[in-house]
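**Q** how does the following fold in three dimensions:
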Amino acid sequence: MQQNEPQQSQKSFKYSIICQNPIPQRNRWQICMAINESNSIFLFSEELTIRVFQFNNKMGLKHIQLLNNNRTSALSFFPKQQDQFVTGSKYSSILIWSKQLISKAKFIQKLSGHIKGVSCIIFNVQNTLIVSGGEDSQIKFWTPFKSNKEEQIRNISDQQWHCQQTIKDFNTTIATLSINEQGNKLISCSTNQNILVIQKSSTTQMWVVIQKIKTEMWGRQLQFLNDKNFVFLPYDGKQLYLYRLNSVNNYTRKANFLVSMGSQYYGINPFYFKDRNILILQGTLFLSCFRIKGNKKQSFKKKENFEIEKELQIDLQHGFLKAILSLDGQYLISLHQNQSEIQVRQFQEI
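**A** Here you go, the predicted structure:
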């Protein structure tokens, strides 16, 4: 890991409950949650509705709006764009919403192209690319109708999007997408035990599959640590695998770590906070927080290896359905069926 080398000594930490917000009691199966970059707006979808909450760490969650939407299967805010979020539907459509129009319950644009449900959505950090994966085995790349980049940045709220490209190298549901910080490399996995590495061509600006990695077991948890390293957690949750870019620009499995997370029932990516070198994985009824450290027996500057050390386990109890973390790692938000509540925990160094 060349960028952001892990420090050998960092403070311990915990996530403490600061808010428990009751919600209507009912059976919930298709749950999505998202929080914007400023941690001021929280979204929670269930079946045919999206609940909109204001949030701050003193007042907690305040429900302000109820939106109608068809079976939300993916939900996310644009990075560095507080006013817009995107939903994907089990009925194949993608909707772009504006917070400014929430009172009218009106979306800005509908993107059509998938022929089955949308399973995952990600963005590049520049807000110039949406990538969606679907149950139709397709990965779609959506870009805005703008010719002038300066105009594109000025009028981001007015952008209209179209499908620039579709990749069909999988034959099963797209389980996970992860994009690197530069926004030019994408990794994806599906239930067919393959990881695709897809790179944007600097000459044609098209996305090309440059590597297909066969895995022993399928999985949902896949995440870039930086451009040279990514991690993959198979479905059985026993071991975390590190893949590293080699001298011929192929990713190979470099190391494996025993993590004992249990079977992965939920389609949730690992959360990696590079500023603190913390990797968070979700188990069956808990979250485990690992610190990434340089290997004490080897020179880290030579990038030979690193190790992970479990620092914290957060038990979420029976009835836990879903959890997300804010982009800055400050807040852990979880939904609990048995208690019919949303719990908010805050990061604290100790």
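
**Q** where in the chain is pLDDT low?
**A** Residue ranges of the chain with pLDDT under 70: 1-9, 27-29, 82, 101-105, 146-158, 265-268, 295-305.

**Q** what ranges do the helices span in it?
**A** In the chain, the helices defined using DSSP state H lie at 149-154.

**Q** centroid residue for the chain?
**A** By C-alpha atoms, centre = their mean, the mean C-alpha position of the chain lies nearest to residue 269, the distance being 5.2 Å.

**Q** that one: what's it in contact with?
**A** With contact taken as C-beta atoms under 8 Å, 6 or more residues apart in numbering, residue 269 is in contact with 176, 178, 220-223. Every C-beta, even on glycine, is put in place using the N, C-alpha and C of the backbone.

**Q** residue 117 now?
**A** Counting by C-beta under 8 Å, 6+ apart, the residues that residue 117 touches are 71, 73, 88-92, 134-135.

**Q** how far away is it from residue 63?
**A** Taking C-beta to C-beta, to the nearest Å as the measure, residue 117 and residue 63 are separated by 27 Å.

**Q** what of residue 130?
**A** Residue 130 sits 28 Å away from residue 63 when distances are taken as C-beta to C-beta.

**Q** those two: which is more packed in?
**A** residue 130 (23 against 13; other C-beta atoms under 10 Å).

**Q** what bridges to that one?
**A** Beta-bridge pairing for residue 130 (DSSP bridges): residue 123, residue 142.

**Q** return the residues in contact with it.
**A** 86, 94, 111, 121-123, 141-143, 161.

**Q** again, but for residue 168
**A** Here residue 168 is in contact with 137-139 (criterion: C-beta under 8 Å, 6+ apart).

**Q** scan the residues you listed and report the most crowded one.
**A** Of all those, the highest neighbour tally under other C-beta under 10 Å goes to residue 139, namely 24 neighbours.

**Q** surely it is in contact with residue 179?
**A** No - assessed by C-beta atoms under 8 Å, residue 139 is found out of contact with residue 179, at 11.3 Å.

**Q** joint contacts of the two?
**A** Applying C-beta under 8 Å, 6+ apart, one finds that residue 139 and residue 179 are jointly contacted by 131, 186.

**Q** before we move on, the earlier item: would you turn the contacts of residue 168 into CSV with distance to residue 31?
**A** What follows is these, written out as CSV (distance: C-beta to C-beta, whole Å):
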residue, distance to residue 31
137, 24
138, 24
139, 23
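
**Q** of these, which belong to strands?
**A** Mapping the contacts of residue 168 onto strands (DSSP state E) picks out residue 139.

**Q** all strands of the stretch 1-150 of the chain, in order?
**A** Assigned by DSSP state E, counting those that start in this stretch, the stretch 1-150 of the chain shows strands spanning 13-22, 31-35, 41-46, 49-56, 60-68, 72-77, 84-89, 94-98, 107-111, 118-123, 130-134, 139-144.

**Q** among those strands, which comes closest to residue 341?
**A** Residue 341 lies closest to strand 13-22 among these, at 5.1 Å (C-beta to C-beta).

**Q** what's in contact with that closest one?
**A** 53, 57, 60-61, 276, 278, 289, 311-312, 314, 332, 339-350.

**Q** for stretch 204-211, same thing?
**A** 141, 165, 167, 169, 186, 196-201, 249-251.

**Q** out of those, who's the most crowded?
**A** Most surrounded of those: other C-beta under 10 Å gives residue 186, at 25 neighbours.

**Q** any idea how far the residue lying closest to that residue once chain neighbours are set aside lies from residue 187?
**A** In space, and not counting its chain neighbours, residue 186 is closest to residue 198: 4.4 Å by C-beta to C-beta, 6 or more residues apart in numbering. To residue 187, residue 198 is 7 Å away according to C-beta to C-beta.

**Q** in terms of contact, does residue 341 touch residue 44 like I think?
**A** No - in this structure residue 341 lies outside contact range of residue 44 using C-beta under 8 Å: 11.4 Å.

**Q** quick one: which of the two has more around it?
**A** Neighbour count, other C-beta under 10 Å: between residue 341 and residue 44, residue 44 has more, with 26 against 17.
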